[in-house]
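Peer 1: sequence first, predicted model second:
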Number of protein chains: 2
Amino acid sequence: MFENKTEKPDSAKPDDSSRVDVDGALLGMRQDIDAIDAKIVSLLAERQRVVHQVVALKKTHNLEIYHPAREADLISKRRNQASQIGLDPDFIEEIYRSVVRRSRVTQSRTMALKSVRPGGIVLLVGGKGEMGRFFKACFHRADYQVRILDRDNWLDVQSLCQGIDLAMVGVPIDVSCQVIQKIGPSLPLEAVLCDITSVKENPLKEMLKAHAGPVIGLHPLFGPSTSSLDKQIIVATPGRDNHACQWILDQFTMWGGVVVRSDAREHDDIMGIVQALRHFATFAFGQFLKRRGVSLSRTLEFSSPIYRLELGMVGRLFAQDASLYSEIIFASRHRRDLLKDYIASVNENLDMLEAGDKGLFQREFQKIAEWFGPFSEQAMRESTFLIDKLIERF
Amino acid sequence: MFENKTEKPDSAKPDDSSRVDVDGALLGMRQDIDAIDAKIVSLLAERQRVVHQVVALKKTHNLEIYHPAREADLISKRRNQASQIGLDPDFIEEIYRSVVRRSRVTQSRTMALKSVRPGGIVLLVGGKGEMGRFFKACFHRADYQVRILDRDNWLDVQSLCQGIDLAMVGVPIDVSCQVIQKIGPSLPLEAVLCDITSVKENPLKEMLKAHAGPVIGLHPLFGPSTSSLDKQIIVATPGRDNHACQWILDQFTMWGGVVVRSDAREHDDIMGIVQALRHFATFAFGQFLKRRGVSLSRTLEFSSPIYRLELGMVGRLFAQDASLYSEIIFASRHRRDLLKDYIASVNENLDMLEAGDKGLFQREFQKIAEWFGPFSEQAMRESTFLIDKLIERF
């Protein structure tokens, strides 16, 4: 990159014989490091064996796996030890977060096999879609009987519904209500009917109309590429007979998921912001970069890690499925109005830009900063942590 | 959070006496794990001692510190060992990336002491600002003589400029040209004049007018809170006598920084996108959330890790200094026109939203996706990696 790169600007090179000594000494030290590393890795393997014993014991006695208090305690013990022997406690915490997470994943994989209702029969409506295949694998691993109802076998709907404990509707948002109406009459009264649509108000209404038994709306906030349910969020909007629906939520919890309860209206309002607004803003940003003909590769050369991360968030959107995002953005009149309000709000900055009014910008900035409150500081900490990870990796 | 949380839905609880046995067994296993962990942390401390010896030896003999080949070799040895003894090699690689990075940081800290021109005299103009203090510390650690010129000692400008090797102007963007004009006449002809303003075209022109000797424009793409220069980017826009300016770039490189060359016009165009557009879009998003009165805490409960990350990027902006962002956004007429074009581009989506035209959205989306090309896939991989880190940590 430089025209006149000078090699070692300030130092005379040592002569050859002392160079050999240094190389020998360095080699010795590197062998010491390798020997230490080999011991560390052996100990990690030994640790894994003990963790497996713990899991086996817990499984036999039906004890819960995830134990946040134990994790916190373990990490603070290692931090203390580190301080005492001259290591940076943050470094040791970083290492042990990886270790503990691995041990949790090992435990969750075992728990993925656990069933709240072994042998229960689950009918996945739209089971050949990506989310359908994801849940098929989850239920299958946990010893449920899984049946698939999709476009190609609707004629068998009666027999497929016989004796089921749960019918889960996972179809594109625009046909969701229609499919619910169609399946309703075939369901046994005691079966739970749920959907996994990313809007909740209309599908929940339809489910309550179509089925007289237990009903619950679900929205898993993750995609089918998720490797496990560990810490993933599922929103549950109760419909009818919560008690009869509880086992499904228990099953998700047992698989490591986090269930958040809401009503359908609140869910849809929040998702307008969390999904539609966010995706639309990202879409509009990418759209402008393309229109402007910006050179992505050259801007990346000029990029601090945080810009790389932000541009990555935009690029990520366009690596995914257009129809998924169009369904989210055009889900309802209400949602489209929200986005039009957003555009109107962006427009209100035109005069400020035209006038070059820095003072107005700063006053507006301050008000927004106050409104964000302590979240800003927390966001700063979290994103700084991630930027460090990005630098480390790439 | 649940109304009817049933505790352990599928299992009869073991009686009290077997429970005591299980607790005892678990306690024993946990003690085993703690003992293993204590050994691991001791070994990490021992490893650190050997690394310090390596650094001391390298420093004495002026050997380069960072050794990518050695890092790659070390990690592949540990991966092999892991495979052989039943550990996931990816897990061990994750651990050792942390270990190796720590060891690199330890080594870089030592290198921060290295000087390309020991005893050289550096005058920091605006040295009491945050970036000024940052560079003061860098040059100081590396045995430069550092002098500070700021508003309170302008009367001493003549004596402060005597015999300097470098004058670095780091003042707010709106007074940058003015300060350059003012310092020009006092500079020795052979001294390098550089600035660190975040726009380059005008300050570079002013520097070439104000000083007849070597001139270079710099833009460090990082803030004063950066812990080291490791992998941080500095854009250099050459002005006059590159050869005489080279030592400054060598110094940044030695401190671990990455120098990217550009001309002032290209730099300013790219920064319009990388800084002004991006910050303005983020500002407008935060502004709308506030206007709408969105409940941040409740939306976060409904958040997948990726939304948390994206909202964090917005919150992060508002944790910082309003005047910094107003200077970036209002830096030039050209830049304000860019932002007005962006607003116009966002507006063009209004009809599509009004008409609920999903087809149009999908076609537009596809075109943008094609334009992003392979970057999207890469962004998907990188951001998935970060999301995993986020889940692990929080």
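Peer 2: Yep, it's here. Numbers count the residues shown, from 1 in each chain, chains lettered A, B, ... in the order given.
Peer 1: just the C-alphas of stretch A:265-279, formatted as CSV.
Peer 2: Extracted C-alpha coordinates of stretch A:265-279, given in CSV (Å, rounded to 0.1, in the frame of the first residue of the first chain):
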residue,chain,number,x,y,z
ARG,A,265,-53.4,-6.1,19.6
GLU,A,266,-50.3,-5.3,21.6
HIS,A,267,-48.3,-7.9,19.7
ASP,A,268,-49.3,-6.5,16.4
ASP,A,269,-48.5,-2.9,17.4
ILE,A,270,-45.1,-3.8,18.7
MET,A,271,-44.3,-5.9,15.6
GLY,A,272,-45.2,-2.9,13.5
ILE,A,273,-42.2,-1.2,15.0
VAL,A,274,-39.9,-4.2,15.6
GLN,A,275,-40.4,-5.7,12.2
ALA,A,276,-42.2,-3.6,9.6
LEU,A,277,-40.7,-0.2,10.4
ARG,A,278,-37.2,-1.6,10.9
HIS,A,279,-37.3,-3.6,7.7
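Peer 1: any part of it near chain B?
Peer 2: Yes - Stretch A:265-279 is in contact with chain B by Cβ under 8 Å from any Cβ of the partner chain, via A:266-267, A:270-271, A:273-274, A:277-278. Every residue, glycine included, has its C-beta placed from N, CA and C.
Peer 1: do stretch A:290-300 as well
Peer 2: Yes - using Cβ under 8 Å from any Cβ, stretch A:290-300 comes into contact with chain B via A:290-292, A:294-296, A:298-299.
Peer 1: which pair in those spans the largest distance?
Peer 2: The span of these, defined through Cβ to Cβ, is set by A:Arg291 and A:Arg298 at 17.2 Å.
Peer 1: list the buried residues of stretch A:266-276.
Peer 2: A:266-276 (16 or more other Cβ atoms under 10 Å in any protein chain shown).
Peer 1: what does stretch A:36-52 give?
Peer 2: Buried-residue list, stretch A:36-52, by 16+ other Cβ under 10 Å: A:36-37, A:39-48, A:50-51.
Peer 1: which of the residues you listed are close to chain B?
Peer 2: Counting by Cβ under 8 Å from any Cβ, the members of the buried residues of stretch A:36-52 near chain B are A:36-37, A:39-48, A:50-51.
Peer 1: which secondary structure element is home to A:Ala379?
Peer 2: Here A:Ala379, judged by DSSP states H and E, is contained in helix A:374-393.
Peer 1: now that helix: mean pLDDT?
Peer 2: Mean per-residue pLDDT for helix A:374-393: 72.
Peer 1: now the residues of stretch A:265-279 next to chain B in TSV, with pLDDT?
Peer 2: Shown next, in TSV, are the residues of stretch A:265-279 next to chain B (pLDDT from 0 to 100):
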residue	pLDDT
A:Glu266	94
A:His267	95
A:Ile270	93
A:Met271	92
A:Ile273	90
A:Val274	87
A:Leu277	95
A:Arg278	93
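Peer 1: sort out which of these are in helices and list them.
Peer 2: A:266-267, A:270-271, A:278 (DSSP state H).
Peer 1: can I get those in TSV with distance to B:Val122?
Peer 2: Below are those laid out as TSV (distance: Cβ to Cβ, whole Å):
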residue	distance to B:Val122
A:Glu266	59
A:His267	59
A:Ile270	53
A:Met271	54
A:Arg278	45
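Peer 1: which of these lies closest to chain B?
Peer 2: A:Ile270 (5.1 Å; Cβ to the nearest Cβ).
Peer 1: ok, now which ones touch the closest one?
Peer 2: If you count contacts by Cβ atoms under 8 Å, 6 or more residues apart in numbering or on different chains, A:Ile270 has them with A:262, B:298-299, B:302.
Peer 1: which of those count as buried?
Peer 2: Burial by neighbour count, judged by 16+ other Cβ under 10 Å, picks out A:262, B:299, B:302 from the contacts of A:Ile270.
Peer 1: columns distance to B:Ala142 on top of those residues, output as a markdown table?
Peer 2: A markdown table is the format used below for the buried ones among the contacts of A:Ile270 (distance: Cβ to Cβ, whole Å):
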| residue | distance to B:Ala142 |
| --- | --- |
| A:Ser262 | 57 |
| B:Thr299 | 47 |
| B:Phe302 | 50 |
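Peer 1: just checking, A:Thr282 touches A:Met313?
Peer 2: Yes - with contact defined as Cβ atoms under 8 Å, A:Thr282 counts as touching A:Met313 (6.6 Å).
Peer 1: can you get me a residue count around A:Leu204?
Peer 2: Look at A:Leu204: counted by other Cβ atoms under 10 Å in any protein chain shown, it has 26 neighbours.
Peer 1: is the stretch of helix or strand it belongs to positioned near chain B?
Peer 2: A:Leu204 belongs to helix A:201-210 when assigned by DSSP H and E. No - taking Cβ under 8 Å from any Cβ as the criterion, helix A:201-210 and chain B are apart, separated by no less than 15.0 Å.
Peer 1: just give me how far that helix sits from the chain centre.
Peer 2: Between the centre of helix A:201-210 and the centre of its chain there are 27 Å (Cα atoms, centre = their mean, to the nearest Å).
Peer 1: surely A:Leu193 is in a helix?
Peer 2: No - assessed by DSSP: H, G, I helix; E, B strand; the rest coil, A:Leu193 does not belong to a helix; its assignment is strand.
Peer 1: okay, how far is it across stretch A:342-358, tip to tip?
Peer 2: Across stretch A:342-358, the terminal residues are separated by 22 Å (Cα to Cα, to the nearest Å).
Peer 1: please work out the average pLDDT along that stretch.
Peer 2: Per-residue scores along stretch A:342-358 average to 95.
Peer 1: for the stretch 251-394 of chain A, what spans make up the helices?
Peer 2: A:264-271, A:278-292, A:296-301, A:305-318, A:322-329, A:333-347, A:350-355, A:358-372, A:374-393 (DSSP state H, counting those that start in this stretch).
Peer 1: would you tell me which of those helices gets closest to B:Asp351?
Peer 2: helix A:333-347 (10.4 Å).
Peer 1: what angle do the helix of greatest length in chain A and helix B:16-60 make?
Peer 2: Identified as the longest helix of chain A according to DSSP H is helix A:16-60. Interaxial angle, helix A:16-60 versus helix B:16-60 (axes from the mean of the first three to the mean of the last three Cα atoms, to 10 degrees): 170 degrees.
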